[in-house]
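# Generate a structure from the sequence data that follows.
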Amino acid sequence: MYLGDIHGGFNIINQYIKMYGLKDLDIIQVGDFGVGFNTFEKELRNLKMTNDVLEKNNIHLWAIRGNHDHKPYFDNDPFSLSNIHLLKDYTVLNLAGKNILCIGGAVSVDRKWRITKKQESGNFNNTIGHESWWPDEVFELDRDKLGSFRDINIVVTHTCPHYCPPDNTFGFGPFVEGIIKETGDKELRTDLLVERQQVTDAFVILKMNNDIEYNYHGHFHRSDLTIYDGTKYRLLGVNELWEERYEE
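I've put the predicted structure just below:
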């Protein structure tokens with residue numbers, strides 16, 4: 001199963017488990033898990049409550065990083081919980097007979113709103129629980145790693161290639177343009193376009209040596225499906241839980 005952005009709303013996981021009687025399965029969360037905005041101690045307490053429910057029902061939750069996540073937590077998961085796993089970029093999971101490549105990260109359109117006064121002065125020495133934006137949030141294109149993968153069936157990313165919605169070919173919508181006008185973040189348009197091209201490049205490289213059946217991603221807070229070059233790209237909305245029925 002796959003879960004869209006939850007932005008720290010961990011209780012939605014508990015609700016789904018109770019609502020649908022979920023047991024004995026894996027859930028992959030597609031980023032914007034929402035860790036890093038509280039102190040480590042408070043974050044651990046919140047995650048531990050959900051972990052206890054997951055453990056009781058033999059469910060493992062695998063989360064990639066979004067742009068609303070503290071990257072070091074995913075580079076080296078400090079929580080060490082039994083059933084919640086924060087995944088480093090380019091981790092490959094083998095679940096339900098599928099090899100699943102997981103790559104997080106994205107540009108925040110609201111980055112200028114979230115940057116703190118300390119960061120504006122050039123001080124990026126992060127204190128967890130007191131910052132709300134991190135410069136290492138972005139998607140990282142590693143061509144060498146991508147070229148080395150074989151037998152990958154599914155790719156999970158936070159954002160998506162340029163041929164998936166939203167279509168930015170002719171510019172950005174009023175929401176993004178409004179942010180640019182209000183914050184003066186003139187580099188945002190370029191950064192967003194470059195990132196979408198980087199994710200596109202990632203799939204081009206992967207498809208040279210792998211038959212990619214599915215991609216699951218979030219970030220854009222809506223649901224959609226794109227079929228392109230033999231791959232199904234499924235965009236998950238906020239809190240959306242999706243179960244794919246794979247063909248034997």
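# Quick check: Ile179 is in a helix.
Yes. Judged by DSSP: H, G, I helix; E, B strand; the rest coil, Ile179 forms part of a helix.
# separation between the closest residue to it other than its chain neighbours and Gly31?
With Cβ to Cβ, 6 or more residues apart in numbering as the measure, Val109 is the residue that lies nearest to Ile179, at 5.6 Å, once sequence neighbours are left out. Bear in mind the C-beta positions are built from the backbone N, C-alpha and C, glycine included. Taking Cβ to Cβ, to the nearest Å as the measure, Val109 falls 15 Å from Gly31.
# Which of the two has more residues huddled nearby?
The residue with more neighbours, out of Val109 and Gly31 and counting by other Cβ atoms under 10 Å, is Gly31; that gives 30 against 20.
# pLDDT at the more buried one, what is it?
In this prediction, Gly31 carries a pLDDT score of 98.
# Thought Asn239 was touching Ser223, still the case?
No. With contact defined as Cβ atoms under 8 Å, Ser223 does not reach Asn239; the gap is 10.8 Å.
# re earlier: now name the helix or strand holding the residue nearest to Ile179.
Secondary structure assignment for Val109, by DSSP states H and E: no helix or strand.
# OK, contacts around it?
Residues near Val109 by Cβ atoms under 8 Å, 6 or more residues apart in numbering: Phe175, Val176, Ile179, Leu188, Leu192.
# and it, what are its phi and psi?
Val109 adopts backbone torsions of phi -70, psi -20, taken as degrees, to the nearest 10.
# ok, so what distance separates it from Val199?
Using Cβ to Cβ, Val109 is found at 16 Å from Val199.
# go on, Pro165?
The gap separating Pro165 from Val199 is 13 Å, by Cβ to Cβ.
# what do you get for Gly171?
19 Å.
# Settle it for me: which of those two has more neighbours?
Val199 (24 against 9).
# Run through the residues that contact that one.
Residues in contact with Val199 (Cβ under 8 Å, 6+ apart) are Phe139, Leu141, Thr157, Thr159, Cys160, Pro161, His162.
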